[in-house]
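Engineer: based on what follows, work out the 3D shape:
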Amino acid sequence: MRAFPPAKARPTKKSERQARWRRRSAGAIRCVVYILQCQAFYKIGRTTTGVVRRLDGLRTGNPFQTTVIHQFETSKPELNSAEMALHDLFACYRLERSEWFTLSPEAVEFICSITADNYNEKLGVQCLQTN
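Structural biologist: Residues are numbered from 1 along each chain as shown. I've put the predicted structure just below:
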């Protein structure tokens, strides 16, 4: 008779949460600002759980295809500032009470030119450091 390897213990929800917390504490969490497109509309947002996971959440109940147009990493303290700077920059294109925008091709091109190395210069993002 063939012997099977012992089954691996499934992590408990508590151990998964603890592992996530350790990764966050160690700085392993990616802070990402992204732009998504759904038909003629664009969403500017931020996430620390990953763009694919965020995209999956937005696809729920949405019959239209939503795609990631661009994303760039930021530091944790500057995550909110980078997203808010884009929201402020394109405020006149915002759909009422949402994070969705009707952007021109030039605006999308500008956002796509932002990288982890240049977002401070392009957006004027500054972070208050606390000691």
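Engineer: okay, helices next: where are they in this structure?
Structural biologist: For the chain, the helices defined by DSSP state H occupy 13-25, 51-59, 79-89, 105-112, 119-123.
Engineer: and V32, which of those is closest to it?
Structural biologist: Closest of the helices of the chain to V32 is helix 51-59, at 5.7 Å (criterion: Cβ to Cβ). C-beta coordinates here come from the backbone N, C-alpha and C atoms, glycine included.
Engineer: and L123, how many neighbours?
Structural biologist: 21 (other Cβ atoms under 10 Å).
Engineer: what's the separation between the residue nearest to it when sequence neighbours are not counted and R53?
Structural biologist: Nearest residue to L123, sequence neighbours excluded (Cβ to Cβ, 6 or more residues apart in numbering): A85, at 4.0 Å. With the distance defined as Cβ to Cβ, to the nearest Å, A85 ends up 24 Å from R53.
Engineer: more crowded one of these two?
Structural biologist: Remark: of A85 and R53, A85 carries more neighbours, 21 against 9, as counted by other Cβ under 10 Å.
Engineer: and the closest residue to K43 other than its chain neighbours, how far is that from S15?
Structural biologist: Using Cβ to Cβ, 6+ apart and skipping the chain neighbours, the partner closest in space to K43 is L36 (4.4 Å). In this view, L36 and S15 are 32 Å apart by Cβ to Cβ.
Engineer: tell me how many other residues surround the residue nearest to L103 when sequence neighbours are not counted.
Structural biologist: Excluding the flanking residues, the one nearest L103 by Cβ to Cβ, 6+ apart is Y42, at 4.8 Å. Using other Cβ under 10 Å, Y42 has 22 other residues around it.
Engineer: Y42 reaches T67, doesn't it?
Structural biologist: No. Assessed by Cβ atoms under 8 Å, Y42 is found out of contact with T67, at 10.4 Å.
Engineer: quick one: common contacting residues for these two?
Structural biologist: Taking Cβ atoms under 8 Å, 6 or more residues apart in numbering as the contact criterion, the common neighbours of Y42 and T67 are L36.
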